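In: Mind folding the following:
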Amino acid sequence: MTSDLNRAQLTALAEQSEAEFMFQYESGAPAEAATALGISTHRLGDGVVTVMRNDVTGYWNKALGFTAITDKLIGQILDIYRAEQAPIAALQLAPELLPGDWAEIAAKHGLTEGGKIVKVMAPIADVQIEDAKTDLRVGPVTPEDAAEWGRLIVSTFGMPLGGLDAMLAASVTHPGFRPFAAWDGDQLVAGGNLYLHQSAGVVNAGATLPTYRNRGAQSAVIAARIAAARDAGVDWVIAEAGQPA
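Out: Numbering: from 1, shown residues only. Next comes the predicted model:
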């Protein structure tokens, strides 16, 4: 059982699970979308560097998953972004993994601190979703629903269509992802994804149309993803959110 992992191992699992689903989303984009968005993906050490030259959201240029952070590594990451002509990039690094000389490394490379996120994780045996009732139909996303599901996720997050929706839609047939949705009749109104990595199931990409919020749609989609994670035999479930004020 991996439910007995120590703090450092849990941090590595959380960071590298997210790194892997980011890598799979972007590397799995259809060729036309990848070209339009200017996508390239790179593995470096135990982490990944994802590049999207034409990303207007500031989200998809991200380096993450690293557990051994050094001045040399930071230089290599930045060399990739410069070579790929990325307009902006985020280095997502767990605070507890930063080296003692991080302030000096950041100053040398001109890095500034940005927004913060928090990761929440628990043994899957301890996770219970209460009040996950809805009058909407909830189930797995099929290839026939993939394009509509991708459009809903991207547009509800306030991101533009024109490639990102096709990128997300491609994950529907990826063996590592388990996408779910909620429908009102034939209309797809909410969705979310689950990525399976090693001993973890990572809940991501949850979105609900504004007119369908407060009807239990996302709670039911979360419950469906947790059930899928249990069925897959993982030990941990992971999610993330912006750091509360």
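In: biggest strand in this structure by residues?
Out: strand 187-197 (DSSP state E).
In: Tell me the buried residues in that one?
Out: Neighbour counts over strand 187-197 (16 or more other CB atoms under 10 Å) mark 188, 189, 190, 191, 192, 193, 194, 195, 196, 197 as buried. In short, each C-beta sits where N, CA and C put it, glycine included.
In: Tell me which two of the residues you listed sit farthest apart.
Out: Using CB to CB, these span at most 28.1 Å, a distance reached by 189 and 197.
In: Tell me the pLDDT of residue 43.
Out: Residue 43 is assigned a pLDDT of 98 by the prediction.
In: For the spatially closest residue to it that is not a sequence neighbour, I want the exact helix or strand it lies within.
Out: Distances taken as CB to CB, 6 or more residues apart in numbering place residue 23 nearest to residue 43, at 7.5 Å, with adjacent residues excluded. Secondary-structure element containing residue 23, defined by DSSP states H and E: helix 7-27.
In: how far does that helix sit from the chain's center?
Out: 8 Å (CA atoms, centre = their mean, to the nearest Å).
In: What of stretch 119-130?
Out: The answer for stretch 119-130 is 18 Å, by CA atoms, centre = their mean.
In: Pull the residues that contact it.
Out: With contact meaning CB atoms under 8 Å, 6 or more residues apart in numbering, stretch 119-130 is reached by 3, 10, 13-14, 18, 200-201, 219, 222-223, 226, 229-230, 234-241.
In: Buried subset of those residues as a ChimeraX selection?
Out: Typed into ChimeraX, the line below selects the buried ones among those, using 16+ other CB under 10 Å:
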select :10,13,14,18,200,201,219,222,223,226,229,234,235,236,237,238,239
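In: hmm, back to that, confirm for me that the residue nearest to residue 43 is in contact with residue 48.
Out: Yes - using CB atoms under 8 Å, residue 23 is in contact with residue 48, at 4.5 Å.
In: what do those two both touch?
Out: residue 41.
In: of the two, who's got more company?
Out: residue 48 (23 against 20; other CB atoms under 10 Å).
In: Could you say which helix or strand holds that one?
Out: Per DSSP H and E: strand 47-52 holds residue 48.
In: How about residue 207?
Out: strand 200-208.
In: by contact count, what packs against the following helix or strand past that strand?
Out: Sequence-wise, the next helix or strand downstream of strand 200-208 (DSSP H and E) is helix 217-232. Judged by 3 or more CB pairs under 8 Å, 6 or more residues apart in numbering; DSSP states H and E, the packing partners of helix 217-232 are strand 137-140, strand 180-184, strand 187-197, strand 200-208.
In: of all those strands, which lies closest to residue 100?
Out: strand 200-208 (28.7 Å).
In: Could you give the average pLDDT over the closest one?
Out: 98.
In: For that strand, name the packing helices and strands.
Out: helix 7-27, helix 146-156, strand 187-197, helix 217-232, strand 236-242.
In: CA atoms only for stretch 77-85, dumped as PDB, please.
Out: Provided in PDB are the C-alpha atoms of stretch 77-85 (Å, rounded to 0.1, in the frame of the first residue of the first chain):
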ATOM      1  CA  ILE A  77      13.900  25.500 -17.900                       C
ATOM      2  CA  LEU A  78      14.300  29.100 -18.900                       C
ATOM      3  CA  ASP A  79      16.500  28.200 -21.900                       C
ATOM      4  CA  ILE A  80      13.600  26.000 -23.200                       C
ATOM      5  CA  TYR A  81      11.100  28.900 -22.900                       C
ATOM      6  CA  ARG A  82      13.500  31.300 -24.600                       C
ATOM      7  CA  ALA A  83      14.200  29.000 -27.400                       C
ATOM      8  CA  GLU A  84      10.500  28.300 -27.900                       C
ATOM      9  CA  GLN A  85       9.700  32.000 -27.700                       C
END
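In: Nothing else from me, thank you.
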